[in-house]
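> Here's my sequence, what's the structure:
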Amino acid sequence: RAPRPAGGLRRRPPLRAFSRDSLPPETVYIIDGTGLLFQSHFSRENQALQALGGMKHPEDEDTELGALHVMAMNFARLARDVRPTYVAAAFDVGKCTHRTAAFPDYKQNRDDPPSDLVKQFPLAPRVLQSLGCPTFSLDGFEADDVMATLSKWAQQRYLNVVHVSVDKDMHQLVKPGIHILNPRTGVLMGEAEVEEKWGVPPSALTDFGALMGDSSDNIPGVKGVGIKTAARLLQEYGSLEGIYERISEVPNSSIRSAKRVAEQLREARGDVFMYRELITLNEACELEELEHISTQELRFTGVPEGGEDFLAELGLWEPLDLMRESFKRAAHVSLTSGQRRGGPHGPPPPPRLDVPADE
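Take a look at the predicted model:
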């Protein structure tokens, strides 16, 4: 085992914008594991850790563990604040996907990830598993596709879904029973919030993205069409199909620079439907694990057998301690509630996340 460092837990307040009381208990939280790892690597917390010399693998001084440490801490905080009934995470597998096969320029504008982060990729799923979070991935598909598939699987089993992600591509999945939780801000978004943000409902976001493109994924979109124009086109014509069926009406519409927009739409006609396919998440990934498990195997019960030993071997003491402390508190709350159940005032309400706490 790696030695336990001196000092106690670093304190961070709970998510204040989110209250789990607004959601039913039968909710599964599906985490973008790859996104969480990247965010953790580039976080201020990891930068501060690196400034102090970093965090090395106990058996391999060339392998940095800072991103894994911060990722584990972020999961432990999420578990503390959300107290999920069910949880799962999804990870990417490699860079070659069905999207790069269809469009070789897909994400080619991105730099390669830092080498010290790449070395942590293989360990990331095991770290979350050791904290009690089942993980899923599939060759040829991105974590977003795996999350979409898990989401559909969960809804078919009457679970509500919260996707824990900062990726705007996930907004297309929002509908009754499916929300998005931003782990940075604690903001929970449903259908109304997504439509307020983009100007179109979640069901129209794949058409919306095809029109305006996505510079982060190197998807060009229609030249000159931005957020406002894409929203106006869909508000007026309903869909890509509707736009092209009535393309002759666009030059005379009230859309700004309507004639130029119509011309650009005609030029992009051969590509824009492909862009929509690239943006659309796959809800039917062939995840073999889902054929053999029940929802109970996603039930969150804390650190599983063997998890503590693995985290201790890597020296990830702080997230382990936070999990222990959180579960002690949860057990105390549960016991107190049980003692009062059936009393003159009934059971106490569950604790809210927007109330200041010790942790």
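> May I have the residues that are in contact with Ile243?
The neighbours of Ile243, taking C-beta atoms under 8 Å, 6 or more residues apart in numbering as the test, are 233-234, 237, 250, 265. Every C-beta, even on glycine, is put in place using the N, C-alpha and C of the backbone.
> now do 7 Å
Neighbour list for Ile243: 233, 237, 265 [criterion: C-beta atoms under 7 Å, 6 or more residues apart in numbering].
> Among those residues, which one has the most neighbours?
When neighbours are counted by other C-beta atoms under 10 Å, Leu233 leads the contacts of Ile243 with 26 neighbours.
> picking that back up, so of the contacts of Ile243, which ones are in helices?
233, 237, 265 (DSSP state H).
> Could you dump the residues you listed into JSON lines and include distance to Tyr106?
Shown next, in JSON lines, are the ones in helices among the contacts of Ile243 (distance: C-beta to C-beta, whole Å):
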{"residue": "Leu233", "distance to Tyr106": "24"}
{"residue": "Tyr237", "distance to Tyr106": "27"}
{"residue": "Leu265", "distance to Tyr106": "22"}
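> What is the neighbour count of Arg126?
Arg126 - counted by other C-beta under 10 Å - has 15 other residues nearby.
> Now name the helix or strand holding the nearest residue to it once chain neighbours are set aside.
Spatial nearest neighbour of Arg126, excluding adjacent residues (C-beta to C-beta, 6 or more residues apart in numbering): Phe310 at 6.6 Å. Applying DSSP states H and E as the criterion places Phe310 in helix 307-314.
> quick one: contacts of that helix?
By C-beta under 7 Å, 6+ apart, helix 307-314 touches 1-2, 57-58, 65, 126, 130-132, 319-320.
> And for stretch 211-231?
Taking C-beta under 7 Å, 6+ apart as the rule, stretch 211-231 contacts 105-109, 198-200, 208, 210, 233, 255-256, 260-261, 264-265, 268, 272, 275, 278-279.
> what sits against the spatially most central residue of the chain?
The residue lying closest to the centre of the chain (C-alpha atoms, centre = their mean) is Ser165, at 2.3 Å. Counting by C-beta under 7 Å, 6+ apart, Ser165 makes contact with 32, 35, 180.
> Of those residues, which is the most crowded?
In terms of neighbour count, Asp32 stands highest of the contacts of Ser165 at 26 neighbours, by other C-beta under 10 Å.
> Which strand residues bridge Ile30?
Ala88, His163 (DSSP bridges).
> mind listing what it touches?
88, 90, 147, 150-151, 161, 163-164.
> Can you show me the strands along the chain?
27-32, 56-57, 60-64, 86-90, 135-136, 160-164, 178-181, 188-189 (DSSP state E).
> Tell me which of the ones you listed approaches Arg44 most closely.
strand 60-64 (16.5 Å; C-beta to C-beta).
> Restrict that closest one to CA atoms and write it as PDB.
Provided in PDB are the C-alpha atoms of strand 60-64 (Å, rounded to 0.1, in the frame of the first residue of the first chain):
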ATOM      1  CA  ASP A  60       6.100   3.600 -11.300                       C
ATOM      2  CA  GLU A  61       7.600   7.100 -10.900                       C
ATOM      3  CA  ASP A  62       7.000   7.800 -14.600                       C
ATOM      4  CA  THR A  63       3.200   7.500 -14.200                       C
ATOM      5  CA  GLU A  64       1.400  10.500 -12.800                       C
END
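> report the angle between the axes of it and helix 307-314?
110 degrees (axes from the mean of the first three to the mean of the last three C-alpha atoms, to 10 degrees).
> for strand 60-64, which positions count as buried?
Residues of strand 60-64 classed as buried: 63-64 (neighbour count, 16 or more other C-beta atoms under 10 Å).
> hmm, which of the contacts of stretch 211-231 are the buried ones?
Looks like those have 106-107, 198, 200, 208, 210, 233, 255, 261, 264-265, 268, 272, 275, 278-279 buried, using 16+ other C-beta under 10 Å.
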